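Student: Sequence first, then the predicted structure:
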Amino acid sequence: MDAILHSTVQNKLKDFPNETISIYNALITNKVEEPLAVRLIEFLEKKSAAGGDTNKLDVMRKIISSSIKTAGPIEMDEKQKIVALVGPTGVGKTTTIAKLAATYALQEKKKVGLITIDTYRIAAVEQIKTYAKIMDIPVEVALTENDLTDALNSLKFKDLVLIDTAGMSPHNRQQMFELKSILTKRAAELETHLVLSLTTNLDDMFVAFKKFKELNFTKVLFTKYDESSSCGNILNLSLRSRIPISYITTGQNVPEDIMTADSEKIAELLLET
C-alpha cells in the first residue's frame with residue numbers, strides 16, 4: 001500500500017516547481033502525514049495560480065496557520081476557574097501543572113490552588129507537594145468524588161484551581177472509569193485539557209484522543225517539543241480532531257518552558273528544514 005501511495009505521490013509531484021517540492025519535503029521531514037502534505041501543496045498551487053501573494057512559503061504558512069485551531073491561554077474572569085489535565089502515563093502532566101501554577105501565581109499574581117488525583121504513582125503526591133511548597137501554594141489530595149468536593153471547598157477562594165490526574169493507559173478501562181467517576185459531577189465546572197506528548201507516534205496519539213474523549217476534554221496540550229524530532233503531529237491531530245490547542249511545552253524548566261499555542265508559530269516550525 002505504501003509503495004502504491006508513494007508512486008501516486010511521485011506522479012502528482014513531478015509537475016510541481018522546485019519551490020513547491022521544497023515545501024512538501026519540509027512538511028514530510030516534520031512528519032506531516034503524506035496524504036495531508038499532498039493536499040496542502042495542491043491547495044498551495046491552486047492559490048498560487050489564482051494570483052496574489054507570489055511567495056509560496058508565506059502562502060503555505062497562512063494555509064497551515066488558518067487550519068490549526070488554538071485556544072489561547074487559560075482565561076481568568078471574576079469566577080473561579082477549575083482546570084484539569086488528563087492523559088496517558090509519562091506525558092508530563094505534573095510538570096505542566098507546575099508551569100501553569102507558577103505562571104499564574106508568580107507572574108499573573110493570581111491566587112492558585114492545586115489538587116492531585118494521581119495516587120497510582122508512588123512519588124506523584126510528593127512531587128506536586130514539592131512544587132507547591134516552593135511556590136507557597138496549597139495542595140489537596142483527592143481519592144474519591146467526595147474528596148474532590150472537599151478539596152474544592154477548601155480552595156473556594158482561589159482564582160485558579162489546577163487538578164493533576166493519574167496518567168493511565170488509554171486501554172485501562174478500570175482506571176478510566178475511576179477517574180471519570182471522580183470528575184463526572186464536576187464536569188460542568190471543569191475546563192479539561194488532554195495532555196499528549198509529541199514523542200508519541202500518531203496512531204497511539206489518536207487512540208489516546210478517542211479513549212480519553214469520554215472525560216469531555218475541550219482542549220489539547222502538547223508536551224515534550226524539545227524531545228521530539230518533529231512537530232507534524234500537531235497538525236495531523238489538529239486537522240483530524242478540530243479540537244483547539246492550548247499550550248506547548250518545550251523543556252523541563254518551571255515556569256519558562258511552556259508557551260501558549262500560536263498557529264503562526266506552529267506553521268513556522270512545520271516549514272523548518
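Tutor: That came in fine, so what should we check first? Numbering: from 1, shown residues only.

Student: Run through the neighbouring helices and strands of the helix or strand hosting L85.
Tutor: Using DSSP states H and E, L85 falls within strand 81-86. If you count contacts as 3 or more Cβ pairs under 8 Å, 6 or more residues apart in numbering; DSSP states H and E, strand 81-86 packs onto helix 93-102, strand 160-164, strand 190-197. The C-beta positions use only the backbone N, C-alpha and C, and glycine is treated the same way.

Student: so can I have CSV of those showing mean pLDDT and distance to T29?
Tutor: Listed next are the helices and strands packed on strand 81-86 as CSV, based on pLDDT from 0 to 100; distance: least, Cβ to Cβ, whole Å:
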stretch, mean pLDDT, distance to T29
helix 93-102, 95, 27
strand 160-164, 96, 35
strand 190-197, 96, 20
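
Student: mind checking which of those is nearest T70?
Tutor: strand 190-197 (12.7 Å; Cβ to Cβ).

Student: what about the strands in the stretch 1-150 of the chain?
Tutor: 81-86, 112-116, 139-141 (DSSP state E, counting those that start in this stretch).

Student: Out of the ones you listed, flag the one nearest G251.
Tutor: Short answer: strand 81-86, nearest of the strands of the stretch 1-150 of the chain by Cβ to Cβ, at 17.6 Å.

Student: which neighbours does the closest one have in its sheet, and in what orientation?
Tutor: Using DSSP bridges, strand 81-86 pairs in its sheet with strand 160-164 (parallel), strand 190-197 (parallel).

Student: okay, now E256: neighbour count?
Tutor: E256: 12 surrounding residues under other Cβ atoms under 10 Å.

Student: Apologies, that question was intended for P88.
Tutor: Neighbour tally, P88, other Cβ under 10 Å: 23.

Student: give me every residue that touches it.
Tutor: By Cβ atoms under 8 Å, 6 or more residues apart in numbering, the residues touching P88 are 167-170, 196-197, 200, 208.

Student: quick revisit: out of the helices and strands packed on strand 81-86, which comes closest to T250?
Tutor: Per Cβ to Cβ, nearest to T250 of these: helix 93-102, 10.1 Å.

Student: Compute the inter-axis angle for the closest one and strand 160-164.
Tutor: For helix 93-102 against strand 160-164, the angle by axes from the mean of the first three to the mean of the last three Cα atoms, to 10 degrees is 170 degrees.

Student: quick revisit: can you list the strands paired with strand 81-86 in CSV and add mean neighbour count and distance to D15?
Tutor: Shown next, in CSV, are the strands paired with strand 81-86 (neighbours: other Cβ atoms under 10 Å; distance: least, Cβ to Cβ, whole Å):
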stretch, mean neighbour count, distance to D15
strand 160-164, 26, 52
strand 190-197, 22, 37
